[in-house]
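Enquirer: sequence and predicted structure below; questions after.
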Amino acid sequence: MPAIWPCPGPTGMVEEHAVVFDRARTFRLLIVSPLFEEMNRTRRMLVETQRQLDVLGVDSMLPDLPGCNESLQAFSAQSLGSWRDAMAAAARHFAATHVLAVRGGALVFPTSLPGWVLEPQKGGAILRQLLRARVLSAKEAGREENSADLLEHGRNHGLELAGYQLSAALVAGLDAAVPQDEGQVVLRQAALGGSALWLRSEPGEDSAQSANLARIIALDEGG
């Protein structure tokens, strides 16, 4: 079911959306999506994981990051700090007891919660992928750009990458960011089986991977 939660914005609290499976149970999982296009490629899988968790007795919440999906906030106003504040607010609002952070979500999830991080990714690796895609696109269009100059410009003025307008704060933050896990269990793709959905060219789903992920989480907590 869709839900609304209060999120800190630049001028006060704003309404953001989340997909929730909530029956007021004890085990309540906040899911923090990957960043950028990986968010889109994995969303159907994560919602299916929520359905599987519901069957296994686990409540779950998948909130939008500000500026993404149904959010009315500007993407260009976001930073890793604003996303961290948002996920902390979502955890409080939904009374989350545990967290699952996926890929770049490991850069912005509430580290005070126990839980899991699935294939955590460094911010620099995310940024390099985005820069590489822009350089290749420019080359195909007959323009010459290089990653070093783009990064320098982005640090000072912001930068458009893969259709996203990144603020200077987001560019600089990603360049230096490492996963923030503090004792959470690190999960690898091999435990889910199949190929990683975030590597595919189009959004997809894999019910077997979702079921495996849900079972790992539920069984780890004795669910």
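Expert: Yep, it's here.
Enquirer: give the partner strands of the longest strand anywhere in the chain in its sheet and their orientations.
Expert: The longest strand of the chain (DSSP state E) is strand 12-21. The pairing partners recorded for strand 12-21 under DSSP bridges are strand 2-9 (antiparallel), strand 59-63 (antiparallel).
Enquirer: now render those strands as JSON lines, adding mean neighbour count, mean pLDDT and distance to Glu70.
Expert: Using the backbone N, CA and C atoms, a C-beta is placed for each residue, glycine as well. Output for these, formatted as JSON lines (neighbours: other CB atoms under 10 Å; pLDDT from 0 to 100; distance: least, CB to CB, whole Å):
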{"stretch": "strand 2-9", "mean neighbour count": "16", "mean pLDDT": "93", "distance to Glu70": "8"}
{"stretch": "strand 59-63", "mean neighbour count": "25", "mean pLDDT": "98", "distance to Glu70": "10"}
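Enquirer: which one of these lies closest to Gly104?
Expert: Among these, strand 59-63 comes nearest to Gly104, with 14.9 Å by CB to CB.
Enquirer: where does pLDDT dip in the chain?
Expert: In the prediction, the chain carries residues with pLDDT under 70 at positions 201, 221-223.
Enquirer: what helix or strand does the residue nearest to Arg155 when sequence neighbours are not counted sit in?
Expert: Of all residues not flanking Arg155 in the chain, Ala172 sits nearest, at 5.0 Å (CB to CB, 6 or more residues apart in numbering). Ala172 is part of helix 168-176 when elements are defined by DSSP states H and E.
Enquirer: which parts of the protein are strands?
Expert: 2-9, 12-21, 28-32, 59-63, 98-102, 115-118, 159-161, 164-166, 185-187.
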